[in-house]
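>>> sequence and predicted model, in that order:
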Amino acid sequence: MANFLDIKNIESSDLKKIIQTALELKKSRSGLTKGAFDSDRALDGHIVALIFEKPSTRTRVSFDVGVRQMGGQTIVLSGNDMQLGHGETIADTARVLSRYVDLIMLRTYEEATLHEMAQFAQVPVINGLTNFSHPCQIMADIMTYEEHRGSIKGKKIVWSGDGNNVFNSFAQAAEKFDFNLTFTGPETLKPDSKVIERAQQNGTKISIEHNPILAIKDADLVVTDTWISMHDLQSARERRHNQLRPYQVNRELLSHAKSNALFMHCLPAHRDEEATSEVMDGKHSVIFDEAENRLHIQKAIMRWCLEK
């Protein structure tokens, strides 16, 4: 089964094909090119289950719109609708859904839930986000970079903030797309050591530099994410703010990157916390192209799952 669970599980050639397809889909829909995707109906007659244990804006809307644009239909299910693993088992849920739908997108908490769904489903499963990874977002980020600056190979990408699930997927992508990745953030919020070790063992150029000015020097792309999870308690929020404040992406910090560096944030953002509005709305920022490209890359991912 051609599942899209984590970047590390997919061949580089397939990942690059997905990005190329997404770029062509975007150009075709904008009327900029004439070609195979002018009347894209790849999901004609298909139904896609979109399951959200975690709430979402961009993931929900982009997948729903993408399915409809390709001629398919969606059924959207929340954690309250299903209560995965709290009544019917995940395995049985996967088996039943496979009798009804042609694709499953799951946005959940535990990585184990995603993998159990994929193990027992008879249709492709796509990772819409887990606590460990967010591969669709990183594919959109790479698409956005290459749309603006050409190949990401050999470029210096700097992640500023918390070593979270989005960073984990960046670390996997660094191996597959052969770019250099630097994490800068507090020692207490650094990435999972296993993620760093695996990347380094596979020859990925990945490093940790706690001084943000040194880290960002000569960066081609600077990326950050929200400091605060919607589930964090107020006391935890205050501690995280105190730890992460030196890593805010502002004009002074960004001045140490290359003059043509891009800035990305997967959104939603807490403006003037992890990044200033001046940066988010400035000349380096491509955050809204990045958000749009979730639609195009996920359409390409769904096509890939069905074609495989």
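Nice, thanks for sending it over.

>>> every contact and neighbour count from this point should use C-alpha atoms.
Will do.

>>> which one is residue 143 nearest to, not counting chain neighbours?
Excluding its sequence neighbours, the residue lying closest to residue 143 (CA to CA, 6 or more residues apart in numbering) is residue 19, at 5.8 Å.

>>> next SSE after the lowest-mean-pLDDT helix or strand in the chain?
Lowest mean confidence among the helices and strands of the chain (mean pLDDT, DSSP states H and E): helix 79-82, at a mean of 78. Going down the chain from helix 79-82, the next helix or strand is helix 90-98, by DSSP states H and E.

>>> burial measure for the residue nearest to residue 143, as a count.
As a burial measure, residue 19 scores 23 neighbours (other CA atoms under 10 Å).

>>> and it, what element?
Here residue 19 is assigned to helix 12-29, by DSSP H and E.

>>> contacts only, for the residue nearest to residue 143.
Contact partners of residue 19, counting by CA atoms under 8 Å, 6 or more residues apart in numbering, are 139, 142, 143, 297, 300.

>>> what about the residues you listed, which are in helices?
Residues of the contacts of residue 19 located in helices (DSSP state H): 139, 142, 143, 297, 300.

>>> now list the buried members of those residues.
139, 142, 143, 297, 300 (16 or more other CA atoms under 10 Å).

>>> pLDDT wise, what is the third one at?
As summarised for this prediction, residue 143 has a pLDDT of 98.

>>> same check, this time on residue 29
We have a pLDDT of 84 for residue 29.

>>> burial measure for residue 201, as a count.
9.

>>> with residue 283 instead?
Neighbour count for residue 283, taken as other CA under 10 Å: 12.

>>> three-state assignment of it?
coil (DSSP: H, G, I helix; E, B strand; the rest coil).

>>> now do the contacts for it.
By CA under 8 Å, 6+ apart, the contact set of residue 283 is empty.

>>> okay, the contacts of residue 19 in a markdown table with distance to residue 73 next?
Shown next, in a markdown table, are the contacts of residue 19 (distance: CA to CA, whole Å):
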| residue | distance to residue 73 |
| --- | --- |
| 139 | 24 |
| 142 | 28 |
| 143 | 26 |
| 297 | 18 |
| 300 | 16 |
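
>>> which of these lies closest to residue 45?
residue 300 (17.4 Å; CA to CA).

>>> which residues touch the closest one?
Neighbour list for residue 300: 18, 19, 21, 22, 25 [criterion: CA under 8 Å, 6+ apart].

>>> circling back: quick one: which of the buried ones among the ones in helices among the contacts of residue 19 is nearest residue 103?
Closest to residue 103, out of all of those and judged by CA to CA, is residue 300, at 13.5 Å.

>>> what about the helices in the stretch 101-250 of the chain?
111-120, 135-149, 165-177, 193-201, 212-216, 234-244 (DSSP state H, counting those that start in this stretch).

>>> right, so of the ones you listed, which gets closest to residue 59?
The nearest among the helices of the stretch 101-250 of the chain, by CA to CA, is helix 135-149 at 9.0 Å.

>>> what's the spacing between residue 267 and residue 289?
Residue 267 sits 12 Å away from residue 289, going by CA to CA, to the nearest Å.

>>> hmm, who's touching stretch 97-106?
By CA under 8 Å, 6+ apart, stretch 97-106 touches 46-53, 114, 121-129.

>>> picking up where we left off before, and of the ones in helices among the contacts of residue 19, the nearest to residue 249?
residue 142 (19.7 Å).
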